[in-house]
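Asker: This is the structure alone, sequence omitted:
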């Protein structure tokens, strides 16, 4: 399988990850199968984290440090994918970790299930001392991505390896989007090619990571949106997947004061049949004063969890 590993380029976007980037890279170097290269795209870091990578690269020729002015994670990933030499690009965020067998498992999937657009494994969610297995599909091989994604996490960046040419043909990650940019690309890929998974949890995803992009709310400056992917002729559940993602994103926007953005999302994605509860929650939340919304959403989610646990 080493010949397949030689076709894999690892892509790590870097923005102010000084406390974690060395551990992340070490988890790649420690893989049982060695990838072709490890590309770290420094996205205008200001904390000296690029110096850490430069020191590591001096003793490991597979580590390549590239630079760009700060432009966001999507731009960093896209530029690194463009620069990659591998047939496949394995995504990894600068504060997550791979288990030793991740590359080997991806290679096994590629060899057993060729011609897929994306390959992924299960993962653990780590928050301080807590470590919980992610809710992922428990089968191996190509899946109905949009059906499984209604109730499970199927793809997260640090667990996902993409076909490079297909990713470039589809335009890569939507530059300028602050939330939902991963799911935007997953939608394009799953509408075009098969998505293959392994339930083996081989990733440690850090919830308490430094500068996790999804945790930082800023106004979007992008020509892309989840709405543009809506397809009235879609025979699969891709439109429902988009609604699920967009309504979740709108809840965060509403809590942070993005009342108009949330209202627009509630109107556009009102077609959903599978996520009516999320739609009602968004409408109720957005009707409240901004200062009450975070507390109200936390109370709602806590009550929903208790009711669900009681089987009601």
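Answerer: Happy to help now that I have it. Bear in mind the structure is a predicted one, so any value in this text is a computation, not a measurement. Numbers count the residues shown, from 1 in each chain.
Asker: now the strands for the stretch 51-200 of the chain?
Answerer: Applying DSSP state E, counting those that start in this stretch to the stretch 51-200 of the chain gives strands spanning 63-68, 88-91, 97-98, 116-127, 130-133, 141-143, 160-163, 194-206.
Asker: Minimum distance to residue 294: which of these has it?
Answerer: Closest to residue 294 of the strands of the stretch 51-200 of the chain, according to CB to CB: strand 116-127, at 19.1 Å. For glycine as for every other residue, the C-beta is placed from the backbone atoms N, C-alpha and C.
Asker: Return the list of helices and strands in contact with the closest one.
Answerer: The helices and strands touching strand 116-127, judged by 3 or more CB pairs under 8 Å, 6 or more residues apart in numbering; DSSP states H and E, are helix 102-112, strand 130-133, strand 160-163, helix 181-192, strand 194-206.
Asker: how about residue 25, what does it touch?
Answerer: Neighbouring residues of residue 25 by CB atoms under 8 Å, 6 or more residues apart in numbering: 12, 38, 40, 53, 56, 63.
Asker: now the residues you listed in a markdown table, with pLDDT?
Answerer: As requested, these are exported to a markdown table (pLDDT from 0 to 100):
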| residue | pLDDT |
| --- | --- |
| 12 | 98 |
| 38 | 98 |
| 40 | 98 |
| 53 | 96 |
| 56 | 96 |
| 63 | 98 |
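Asker: Please report the distance of residue 121 from residue 189.
Answerer: Distance, residue 121 to residue 189, using CB to CB, to the nearest Å: 16 Å.
Asker: ok, the two, which is more surrounded?
Answerer: residue 121 (26 against 21; other CB atoms under 10 Å).
Asker: Bridged to the more buried one, which residues?
Answerer: Beta-bridge pairing for residue 121 (DSSP bridges): residue 198.
Asker: circling back to that earlier point, out of the contacts of residue 25, who's the most crowded?
Answerer: In terms of neighbours by other CB under 10 Å, the contacts of residue 25 top out with residue 40 at 30 neighbours.
Asker: got a list of what that residue touches?
Answerer: Contacts of residue 40 (CB under 8 Å, 6+ apart): 12, 14, 21, 25, 53, 57, 63, 64, 65, 66, 94.
Asker: residue ranges with poor pLDDT in this structure?
Answerer: In the predicted model of the chain, residues 209-219, 305, 307-312 satisfy pLDDT under 70.
Asker: which residues in the stretch 151-300 of the chain form helices?
Answerer: Remark: helices assigned in the stretch 151-300 of the chain by DSSP state H, counting those that start in this stretch are 164-169, 181-192, 238-255, 259-268, 276-286, 290-309.
Asker: Looking at those, spot the one closest to residue 145.
Answerer: helix 181-192 (3.9 Å).
Asker: For that closest one, buried residues please.
Answerer: 181, 182, 183, 184, 185, 186, 187, 188, 189, 190, 191 (16 or more other CB atoms under 10 Å).
Asker: which SS class is the spatially closest residue to residue 8 that is not a sequence neighbour?
Answerer: Closest residue to residue 8 apart from its sequence neighbours, by CB to CB, 6 or more residues apart in numbering: residue 35 at 4.4 Å. What DSSP: H, G, I helix; E, B strand; the rest coil gives for residue 35 is coil.
Asker: Please name the residues that touch residue 35.
Answerer: 5, 6, 8, 9, 10, 28, 62, 86, 90, 103.
Asker: Which residue comes closest to residue 207 once chain neighbours are left out?
Answerer: Excluding its sequence neighbours, the residue lying closest to residue 207 (CB to CB, 6+ apart) is residue 127, at 4.1 Å.
Asker: sorry, that was for residue 67
Answerer: With sequence-adjacent residues excluded and distances taken as CB to CB, 6+ apart, residue 67 is closest to residue 42, at 4.8 Å.
Asker: what's residue 99 sitting at in phi/psi?
Answerer: phi -70, psi 160 (degrees, to the nearest 10).
Asker: Distance check, the nearest residue to it once chain neighbours are set aside against residue 112.
Answerer: Spatial nearest neighbour of residue 99, excluding adjacent residues (CB to CB, 6+ apart): residue 202 at 4.2 Å. As judged by CB to CB, residue 202 and residue 112 stand 16 Å apart.
Asker: Looking at the two, which has the bigger crowd around it?
Answerer: Ranked by neighbour count (other CB under 10 Å), residue 202 and residue 112 place residue 202 first, with 22 against 11.
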